[in-house]
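Engineer: my questions are about this predicted structure, shown below with the sequence.
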Amino acid sequence: MIRFRRSSPEVRFEMTPLIDVVFLLLTFFIFALVLMVRANVLDVSLPEIGSGPAAQGQTVTIVIDADSNLYVNGEPVETEQVVEVVRDRLAEQTDARLVIAADQKSASGSLIGLADLLSREGLGEFSIIGTEPASVDAQPIEPTPEP
């Protein structure tokens, strides 16, 4: 009688495809974070705004903090240099949008002055961003009359 000996191949657990998938996921999440608009990098509490689409894609962000200091993409800038710095950033990123984020405790005059300055210098196409209201039926804040 002839006996056949069957040898089964050794079971192997391949790590290479698993590592590839992990790196692809890591790359995807890093890329997604880079594309997000990050106006909350500075310690600025944004007011609630209930209309308008969120800015997507590349942006050049001007932030006005509570003390009315200006920052362009996180770098402090003097008021006199804002237009020059913004133009340089927009020249570097040709498809970027201009976005203004003003702290709700900053003086409203700072925002109005900045908007006027940008409009005078030909940079009138910008968005003002804030946080979404807590409820859909949020009513606009009525100004308090001065005595």
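Structural biologist: Ah, there it is.

Engineer: C-alpha from now on. contacts and neighbour counts both.
Structural biologist: Will do.

Engineer: return the distance of the helix or strand in which residue 24 is found from the chain's centre.
Structural biologist: Taking DSSP states H and E as the criterion, residue 24 maps to helix 16-35. Put simply, helix 16-35 sits 21 Å off its chain's centre (Cα atoms, centre = their mean, to the nearest Å).

Engineer: in the chain, which ranges drop under the pLDDT threshold?
Structural biologist: For the chain, the stretches with pLDDT under 70 are 1, 35-56, 131-147.

Engineer: what ranges do the strands span in it?
Structural biologist: Applying DSSP state E to the chain gives strands spanning 59-64, 70-72, 75-77, 97-102, 126-129.

Engineer: adjacent strands (with direction) for the last one?
Structural biologist: For strand 126-129, sheet partners with direction are given as strand 97-102 (parallel), following DSSP bridges.

Engineer: kindly export the partner strand (C-alpha atoms) in PDB.
Structural biologist: What follows is strand 97-102, C-alpha atoms only, in PDB (Å, rounded to 0.1, in the frame of the first residue of the first chain):
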ATOM      1  CA  ARG A  97     -10.200  83.100  -0.900                       C
ATOM      2  CA  LEU A  98      -9.900  86.000   1.500                       C
ATOM      3  CA  VAL A  99     -11.600  85.400   4.900                       C
ATOM      4  CA  ILE A 100     -12.000  87.700   7.900                       C
ATOM      5  CA  ALA A 101     -12.600  86.300  11.400                       C
ATOM      6  CA  ALA A 102     -13.300  88.900  14.100                       C
END
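
Engineer: if we can go back for a sec, closest to residue 25 out of the strands of the chain?
Structural biologist: With Cα to Cα, the closest approach to residue 25 among the strands of the chain belongs to strand 59-64: 24.7 Å.

Engineer: give me the distance between residue 113 and residue 104.
Structural biologist: Distance from residue 113 to residue 104, counting by Cα to Cα, to the nearest Å: 16 Å.
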